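A.B. asks: Starting from these lines, generate the structure:
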Amino acid sequence: MIKAVRGTRDLLPPETALWNFVEAAVRDVFRAYNFQEIRTPIFEATELFARGVGEETDIVAKEMYTWEDAKPEEQMANGWLRRQSLIFRNALPSLSKDRPRWVVETRDTVFPLEAEIAPRITTLERLQSFSRLAREVRPNVRPLLLHSTDFAIGEQFRVEAERLGVELVGIEVDPPQRLTLRPENTAGVVRAYIEHKLWDRGLNKLYYIGPQFRRERPQKGRYRQFYQIGAEVIGPASAGSESPARDAEVLEMLATLLDRLGITDWNLELNSVGTPADRVQFNEALRKALDPVKEKMCGDCQRRAVTNPLRVFDCKVPEDQPIIETLPRITQFLGEDSRKHFDAVQDILRSVGVEFHTNDRLVRGLDYYTRTAFEFTHGALGAQNAILGGGRYDGLSEALGGPSAPGIGFAIGEDRLVMSLKETAESVLRRPDVYVAPLGAGMNGEAARLARELRRHDMVVELGDDGFRLKKSFEAATKAGAKYILIVGENEVKTDAFALKNLATGEQVSVPRAELVQKIRA
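C.D. replies: Coordinates of the predicted model:
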């Protein structure tokens, strides 16, 4: 039996009702703050994440699903066809013996065609064998073997190709494009911002809901295909994108969302990671502090101490914590502008009544973050207790080749958010209002017509089958969780009044068609 790949899972009813409940609440709250949805591709050029997320982050270094898009052989064949102004045609289909990969036919010539980066003698022989058969059907046959111009063809190979009557054609091959399933969505949103010149719209308030992919060790609430709800506020500084008011509005919106979902015992942790200029001095101080102790730390921390010392604060290894506690903090190195910005964010949060705690160890795991960094945690998730995190990324657009576009955003791990809910799938699942049970042969049409009328009034209707006995219809209605069962038999259709039974109380009444909606809703 083929099963779902490790680190992935199927979301099934009734659990999906809980996910729909969360996403409906998200859309309602985000709409109130004037956020609009954006949908970007689930795969992007690998370079986007290398430049945007950071070469030395765990995501780029170890966790991305990456592949090369174009096969060089196909690229060579397509390049040759374009050069000759030919359209591929699968010629001589009846000749299947020793058939090469492509057979192109023009008005007067057949081209048996193979393409290899490093051509082989066996390929020459296959082309020669097919060409001999093809000449019995078409006299003018030119077998071709395409190869990369970067590969040096030896004299002996050329002699053999000439002996077998195969023409060698060198084709310049471009490096294949590397593509990656998105491990996060901020870089893709900023790429779209640049590509579509969204700065013409002023301040952009965008949100997304969708799958992301990371090849990491699965654990509670963490999967290799996981789902994120995220939002980004981005635009020119002249549109207010750099203001601490934007940071505070995003944080207040998240507090509202969690409260709306019934997650009331959350904790907001807040920090400033400064500007790149602030971090130059901080990273230098960190490296000095780490140099004599890094050998005592875990392998990841030893690597981070050299490549990206700020990431040492992400370490969760218990044995490393006493060392980390002694390290310098970014708050000691904040410039005046960063300090004022951070103070202003805190002042606004206090004025709107959003509680928070400052945590000078809090950093974000991606290179593009600046200034405000934050995390919402929840005790129901155990040691890895973060529900969501985010921060400001004022230089990301420029790093991706775009104009200056200060921004702030966040991502919610939807899998973990659902785990934090007090609601259950059963409590949010909308069960059928009524089960329509056709009784007797030929009643399916009448039952379907009645079901359609009820559905037009926004009722959830489950439709039975006239092949069911009455007992089976009652069992199906109970299993579906319907409140009522509605009997549609020959007598009911004649009188245009239908037997309606409350499955909880057992009360049964005859209801005229015109009064069914009112009675079911009562």
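A.B. asks: only C-alpha atoms for contact and neighbour calcs from this point on.
C.D. replies: OK.
A.B. asks: Quick one: the helices in the stretch 351-500 of the chain, in order.
C.D. replies: 396-399, 414-420, 425-428, 444-455, 470-480, 490-495 (DSSP state H, counting those that start in this stretch).
A.B. asks: for the stretch 101-250 of the chain, that is, sorry about that
C.D. replies: 121-134, 155-164, 186-195, 244-260.
A.B. asks: on that earlier part again, which stretch in the helices of the stretch 351-500 of the chain is the model least sure about?
C.D. replies: Sorting the helices of the stretch 351-500 of the chain by mean pLDDT places helix 425-428 lowest, at a mean of 77.
A.B. asks: next one: that one to chain centre, how far?
C.D. replies: Here the centre of helix 425-428 is set off from its chain's centre by 26 Å, with C-alpha atoms, centre = their mean, to the nearest Å.
A.B. asks: Could you do stretch 343-353 as well?
C.D. replies: 33 Å.
A.B. asks: Residue 498 bridge partners, please.
C.D. replies: residue 511 (DSSP bridges).
A.B. asks: so where's the stretch 351-500 of the chain shaky on pLDDT?
C.D. replies: Along the stretch 351-500 of the chain, segments meeting pLDDT under 70 span 364-367, 380-384.
A.B. asks: typo on my end, it should be the stretch 201-350 of the chain
C.D. replies: For the stretch 201-350 of the chain, applying pLDDT under 70 flags the ranges 220-221.
A.B. asks: Identify whichever of the helices of the stretch 351-500 of the chain lies nearest to residue 386.
C.D. replies: helix 414-420 (8.2 Å; C-alpha to C-alpha).
A.B. asks: OK, contacts around the closest residue to residue 426 other than its chain neighbours?
C.D. replies: Leaving aside its sequence neighbours, residue 426 sits nearest to residue 14 (C-alpha to C-alpha, 6 or more residues apart in numbering; 6.8 Å). Residues near residue 14 by C-alpha atoms under 8 Å, 6 or more residues apart in numbering: 425, 426, 429.
A.B. asks: roughly how far apart are the residue nearest the centre of the chain and residue 410?
C.D. replies: Here the mean C-alpha position of the chain is nearest to the C-alpha of residue 211 (C-alpha atoms, centre = their mean), at a distance of 2.7 Å. Relative to residue 410, residue 211 is positioned 15 Å away (C-alpha to C-alpha, to the nearest Å).
A.B. asks: Domain parsing of this protein, as residue ranges.
C.D. replies: The chain breaks down by automatic domain parsing into domains covering 15-65+179-275+335-420, 72-171, 279-333, 430-521.
A.B. asks: related to what we said a few turns ago, in TSV, list the helices of the stretch 351-500 of the chain along with distance to residue 205.
C.D. replies: Shown next, in TSV, are the helices of the stretch 351-500 of the chain (distance: least, C-alpha to C-alpha, whole Å):
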stretch	distance to residue 205
helix 396-399	15
helix 414-420	20
helix 425-428	29
helix 444-455	36
helix 470-480	41
helix 490-495	55
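A.B. asks: and of those, who's closest to residue 373?
C.D. replies: Here helix 396-399 is closest among the helices of the stretch 351-500 of the chain (C-alpha to C-alpha), at 14.9 Å.
A.B. asks: how about the closest one: buried residues?
C.D. replies: Of all the residues in helix 396-399, those buried under the rule 16 or more other C-alpha atoms under 10 Å are 396, 397.
A.B. asks: Kindly report the same for stretch 441-448.
C.D. replies: Result for stretch 441-448 [16+ other C-alpha under 10 Å]: buried residues 443, 444, 447, 448.
A.B. asks: residues in contact with the third one?
C.D. replies: By C-alpha under 8 Å, 6+ apart, residue 447 lies in contact with 436, 437, 438, 463, 488.
A.B. asks: Quick check: the closest residue to the fourth one other than its chain neighbours vs residue 314, distance?
C.D. replies: Read that as residue 463. Among residues not flanking residue 463 along the chain, residue 436 sits closest, at 5.0 Å (C-alpha to C-alpha, 6+ apart). Applying C-alpha to C-alpha, the value for residue 436 to residue 314 is 57 Å.
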